[in-house]
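Trainee: Sequence first, then the predicted structure, then my questions.
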Amino acid sequence: MQEYFIGRQAIYDRRLRVYAYELLYREGNTSGAPNMDGDLATSRVMLNAFTDMGLDRIVGSHRAFLNMTRSLLMDLPEFPFDRKRLVLEILEDIVIDEPFVQRIAALAKEGFTLALDDFEFRQTRHPLIPHIQILKVEVPTMEWDKVAQQMAKVNRSDMLLLAEKVETEQEYRQLHELGFDLFQGYYFSRPHVVTGKRLNENQLITLKLLATLNDPQSTPRQLENLIVQDPGLVYNILRYLNSAALKMPRKIDSIQQAIVYLGVQRLRGWANLIALSRIDGQPVETFTIALVRAHMCAKLTARVDSEESDGAFTVGLLSVLDLLMGQHMDKLLELMPISESIKGALLDHRGTAGEALRCARSFEQKEGIPTGFAHLDAAEIQEIFLQASELAFQEQSSLLAG
């Protein structure tokens, strides 16, 4: 059986809320391939995977963008999901002829949401425009001095414009001003560093707290004393630990009890995430990424060394620090008395936790190559990703509410 990975990349609206996830097919760690057309094989494996995995586990309550081949669009199978949650993406290499245009028109009338991928203003693709709801434009192919005029010719009031492969803050702001509705790209999921940018007061306070929380020399009593000095941090930790998402065996009434039940390292991890969630102006998806990475790193590492899983959880959480702060990770870690093992994992993917982080990140990159881990096969890694994703969706509402 052909093994597979399925990752995802978030698509944001104008307020940087997650509108949907594009699901990303990756071949597994096998040398063989199905004896059929590559695109068709990819699509069929994806559809089978959705049935096996369950859509809620991989995208939560959000919509899912599916890359569709001509064959699948012409002979669409029954989807086991609500059509309103799916966006069928028409790939750029599909041959456009009259039978295909008629089929797309029929799908639109049936209530499917259709997106036209990698639109480059070519006349051959214009017959599809009246029937699609989302138009995707690749930023690297844009002629910025002509894009407004070009978009005016094809845009409709009921059609959403999606800019993909957004790489920089400047591109995002220009696209926002041009009226694009949706955004996708590395700018939203990897560091966007502005040279000379200073940390604001909110970031400095958070960084100072993170530095103290992660001091490897601190004792459990010192950690407890640090946390109880911040009533807001205490409230959020206890509220979260007692939420239905975590399913603790008994109610936790104090930080001392939390240390007993969770252990110092895991408590550090949750305190880290709550501290990170206080940083102003960041999309909720950043914390979803942090939670998925943290759980995935912990679960992967536990397969190799259970004693290191809590430290790997912290590695996953702190891996978004540069994204949140808008600074290089190495500069930020210079300000934190963090252990050398966590620092090496974050900067160079060293050690078991570092390899786990590399693997977790491979599920977020649209053009990324899936990364294996230790002796686990593709199916095992995929299941760990799904477990981490499911936990993240359950937990972020408890963590970030209120």
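Mentor: Noted; the coordinates are in hand.
Trainee: from here on, contacts and neighbour counts on C-alpha atoms
Mentor: Will do.
Trainee: can you give me the strands in the protein?
Mentor: Secondary structure of the chain (DSSP state E): strands located at 4-12, 18-27, 63-68, 86-90, 113-116, 134-138, 160-164, 182-183.
Trainee: just these: most buried one?
Mentor: Sort those by mean neighbour count, taking mean count of other C-alpha atoms under 10 Å, and strand 182-183 sits at the top with a mean of 26.
Trainee: Could you list every helix and strand that that one packs against?
Mentor: strand 4-12, strand 160-164 (3 or more C-alpha pairs under 8 Å, 6 or more residues apart in numbering; DSSP states H and E).
Trainee: In this protein, what helix or strand scores lowest on average pLDDT?
Mentor: Every helix and strand of the chain was ranked by mean pLDDT, DSSP states H and E. The lowest is helix 38-53, at a mean of 64.
Trainee: rewinding a little: next, format the strands of the chain as TSV and append distance to residue 270 and mean pLDDT.
Mentor: What follows is the strands of the chain, written out as TSV (distance: least, C-alpha to C-alpha, whole Å; pLDDT from 0 to 100):
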stretch	distance to residue 270	mean pLDDT
strand 4-12	24	84
strand 18-27	23	83
strand 63-68	28	90
strand 86-90	33	92
strand 113-116	39	95
strand 134-138	38	93
strand 160-164	33	95
strand 182-183	30	96
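Trainee: got a list of what the nearest residue to residue 313 once chain neighbours are set aside touches?
Mentor: Closest residue to residue 313 apart from its sequence neighbours, by C-alpha to C-alpha, 6 or more residues apart in numbering: residue 294 at 4.3 Å. Contacts for residue 294 (C-alpha atoms under 8 Å, 6 or more residues apart in numbering) come out as 312, 313, 314, 315, 316, 317, 388.
Trainee: got a pLDDT number for residue 294?
Mentor: Looking at residue 294, its pLDDT stands at 90.
Trainee: Run through the chain and note the low-pLDDT ranges.
Mentor: 1-4, 26-49, 51-52, 80, 189-198, 244-246, 366-370, 397-402 (pLDDT under 70).
Trainee: residue closest to the middle of it?
Mentor: Most central in the chain under C-alpha atoms, centre = their mean is residue 289, positioned 4.8 Å from the mean C-alpha point.
Trainee: how is the protein carved up into domains?
Mentor: Per the record, the chain has its domains at 4-188, 201-400, by automatic domain parsing.
Trainee: Point out the most buried one among the ones you listed.
Mentor: Scoring the domains of the chain by mean neighbour count under mean count of other C-alpha under 10 Å gives domain 201-400 as the most buried, with a mean of 19.
Trainee: just how off-centre is that one within its chain?
Mentor: Here domain 201-400 is found 15 Å from its chain centre; the criterion is C-alpha atoms, centre = their mean, to the nearest Å.
Trainee: you'd agree residue 378 is up against residue 371?
Mentor: No: using C-alpha atoms under 8 Å, residue 378 makes no contact with residue 371, being 9.3 Å away.
Trainee: list the contacts for residue 320?
Mentor: By C-alpha under 8 Å, 6+ apart, residue 320 lies in contact with 286, 289, 290.
Trainee: contacting residues around the closest residue to the last one other than its chain neighbours?
Mentor: This points to residue 290. Spatial nearest neighbour of residue 290, excluding adjacent residues (C-alpha to C-alpha, 6+ apart): residue 317 at 4.8 Å. By C-alpha under 8 Å, 6+ apart, the residues touching residue 317 are 269, 272, 273, 290, 291, 293, 294.
Trainee: redo that, cut-off 10 Å
Mentor: Residue 317 makes contacts with 269-270, 272-273, 276, 287-295, 297, as judged by C-alpha atoms under 10 Å, 6 or more residues apart in numbering.
Trainee: Report the two of the residues you listed separated the most.
Mentor: With distances taken as C-alpha to C-alpha, the most widely separated pair in these is 276 and 297, at 18.1 Å.
Trainee: For residue 137, give its distance to residue 69.
Mentor: 19 Å (C-alpha to C-alpha, to the nearest Å).
Trainee: To clarify, my last question referred to residue 315.
Mentor: 38 Å.
Trainee: Likewise for residue 250?
Mentor: Distance of residue 250 to residue 69, computed by C-alpha to C-alpha: 51 Å.
Trainee: Just the ones in helices from the contacts of residue 317, please.
Mentor: Secondary structure from DSSP state H places 269-270, 272-273, 276, 287-295, 297 of the contacts of residue 317 in helices.
Trainee: Out of the residues you listed, flag the one nearest to residue 209.
Mentor: residue 272 (8.5 Å).
Trainee: Excluding chain neighbours, what is closest to residue 95?
Mentor: Spatial nearest neighbour of residue 95, excluding adjacent residues (C-alpha to C-alpha, 6+ apart): residue 70 at 7.9 Å.
Trainee: what about the one you found, distance to residue 202?
Mentor: From residue 70 across to residue 202, the span is 50 Å (C-alpha to C-alpha).
Trainee: now do residue 59
Mentor: Separation of residue 59 from residue 202 (C-alpha to C-alpha): 31 Å.
Trainee: what does residue 288 give?
Mentor: Computed as C-alpha to C-alpha, the residue 288 to residue 202 distance reads 21 Å.
Trainee: Residue 327 now?
Mentor: With C-alpha to C-alpha as the criterion, residue 327 and residue 202 are 14 Å apart.
Trainee: go on, residue 380?
Mentor: From residue 380 to residue 202 the distance is 40 Å (C-alpha to C-alpha).
Trainee: Many thanks, I have nothing further to ask.
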